[in-house]
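Student: Give me the fold of what follows.
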Amino acid sequence: LSQEYLQQSIPPNNNSTGTFYVVNGQYQPTVTQYVGDATLWRLVHPSRARVIEVTVYPATACTIRLLARDGIFHSQGSTGSGGYLNLNSILLGQGTRADVAVWCHTVGHYVVNITQMPENDECLGHGASNRFEQELLFTLNVVQPEGKGLPLRRLPHASYNTLKLPNYLRDLRNTPSDRVHYPISPKGRGNVTFIKLGHGDTSEGGVNGISFRGYNALDVEKYIGIMSVNHAYKLKLMGSPGKNGHPYHHHVNSFQLQADDKCHGQSFRAGEWRDVTFGRGVEIRWRNDRYFGEIMLHCHMLEHEDKGMMSLYRVCNENETTGVCALVSQKRQHQALGSSSTTELGNKRRAHLAAEDPWQLMILLFATTACWGI
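Tutor: Model prediction:
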């Protein structure tokens, strides 16, 4: 496509145009592809704030077929009702990617724009401030192929996809719940069953109501959940009522969505593996494969992250048995041997907390004493 970007329609350093999107650094370029030839578009949306819906106008000009999101291709039977999905618009949240095959039916010049699609209102919010519009993103020039005998590529069909994903991306939707764990609270107060980013649409609220305490904080304050390597985990992403939720992202391991969105799969589908997604009432599952150590999670609206809407998971190696890793070590022993009672585990957790942070021990003891008093 680089040959199409030799001319720009606005002079450099023109500050009069306001906010706008560019394509590979070019403002409103023309992109050429052959009629009847399925062409791969790989879209990367690095915006830290906006949500965009990319469409081709008129809608009947081309068929857009979703192949992959966030770099992981869909495979037959592993996503939603199976295989690839035809899109009315290519919906891209903050920091997301999409691979689509575009097949245009007739020769002509078509407008590729950013618009707000009414069918996406339920999952994005009608008129939401971070939804963007731009009348022209680029011009799509569909031409007849030059010469004779040029092989044209047809739209890929789901039945042709024999892709086998690696073990750490194996489908978790039908895995029994007792084999998919919740992260453990570092404060010894049970499991972390959900993650909620912020309060409403504002930049305040941190993660589960707590702003990031910094890398030098005590482990019980720094980490939001403790996990073990080579195990599968789950939790629910929560958003405020009536809101779409902040874009959730955690590093290292992709996660799998366990349900469809409310936009007919335009935003996400059950079975998809993602790096970033909107969080409102959907369960995600993933495997901690090989890597152990710290994993960052944060809102992908980077101004929100800068204001404390981030935290850390701690993934423990199997031979780590001290500090916060004692929690998952004890849980593994309890599951394997079935010999540690709840009281014994509670005593061990209190001893761990006493060594890590005496104030946490005092709070836990006060709560326990108050319950006994009742």
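Student: Would you check that residue 197 makes contact with residue 308?
Tutor: No - the criterion here is CB atoms under 8 Å, and residue 197 misses it with residue 308 at 10.7 Å. (Each C-beta comes from the backbone N, C-alpha and C, glycine too.)
Student: Would you mind telling me which of those two has the busier surroundings?
Tutor: The residue with more neighbours, out of residue 197 and residue 308, is residue 197; 29 against 20, by other CB atoms under 10 Å.
Student: How about the contacts made by the more buried one?
Tutor: Counting by CB atoms under 8 Å, 6 or more residues apart in numbering, residue 197 touches 205, 207, 237, 239, 245, 246, 248, 279, 299, 304, 309.
Student: That one pairs with what?
Tutor: Beta-bridge pairing of residue 197 under DSSP bridges involves residue 207.
Student: and the gap between it and residue 237?
Tutor: 8 Å (CB to CB, to the nearest Å).
Student: returning to that earlier point: ok, so of the contacts of residue 197, who is nearest residue 257?
Tutor: residue 237 (9.4 Å; CB to CB).
Student: Go ahead and list the helix or strand containing residue 221.
Tutor: In the assignment (DSSP states H and E), residue 221 maps to helix 219-222.
Student: what's the very next helix or strand once past that helix packed up against?
Tutor: The C-terminal neighbour of helix 219-222 among helices and strands, as given by DSSP H and E, is strand 223-228. Packing partners of strand 223-228 (3 or more CB pairs under 8 Å, 6 or more residues apart in numbering; DSSP states H and E): strand 310-316, helix 325-337.
Student: Run me through the strand neighbours of the first one, direction for each.
Tutor: Looking back up the chat, that one is strand 310-316. strand 223-228 (parallel), strand 293-299 (antiparallel).
Student: Identify all contacting residues around it.
Tutor: Taking CB under 8 Å, 6+ apart as the rule, strand 310-316 contacts 183, 186, 206-208, 210, 212, 219, 222-229, 250, 288, 291-299, 324-325, 328-329.
Student: tell me the SS of residue 43?
Tutor: strand (DSSP: H, G, I helix; E, B strand; the rest coil).
Student: and the residue nearest to it when sequence neighbours are not counted, what does it touch?
Tutor: Spatial nearest neighbour of residue 43, chain neighbours left out: residue 98 (5.0 Å); criterion: CB to CB, 6 or more residues apart in numbering. By CB under 8 Å, 6+ apart, residue 98 lies in contact with 42, 43, 45, 66, 68, 69, 90, 91, 92.
Student: Counting by contacts, list what the helix or strand hosting the fourth one packs against.
Tutor: Looking back up the chat, that one is residue 66. Take DSSP H and E as the rule and residue 66 turns out to sit in strand 62-69. Packing partners of strand 62-69 (3+ CB pairs under 8 Å, 6+ apart): strand 85-86, strand 96-104.
Student: tell me the mean pLDDT over it?
Tutor: The average pLDDT for strand 62-69 rounds to 93.
Student: Only alpha carbons, please: show it as PDB.
Tutor: Extracted in PDB, the C-alpha atoms of strand 62-69 (Å, rounded to 0.1, in the frame of the first residue of the first chain):
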ATOM      1  CA  CYS A  62     -17.900  -4.600  -0.100                       C
ATOM      2  CA  THR A  63     -18.100  -7.600   2.200                       C
ATOM      3  CA  ILE A  64     -16.100  -7.400   5.400                       C
ATOM      4  CA  ARG A  65     -15.200 -10.700   7.100                       C
ATOM      5  CA  LEU A  66     -13.600 -10.800  10.500                       C
ATOM      6  CA  LEU A  67     -10.700 -13.200  10.700                       C
ATOM      7  CA  ALA A  68      -8.900 -12.300  14.000                       C
ATOM      8  CA  ARG A  69      -8.900 -10.000  16.900                       C
END
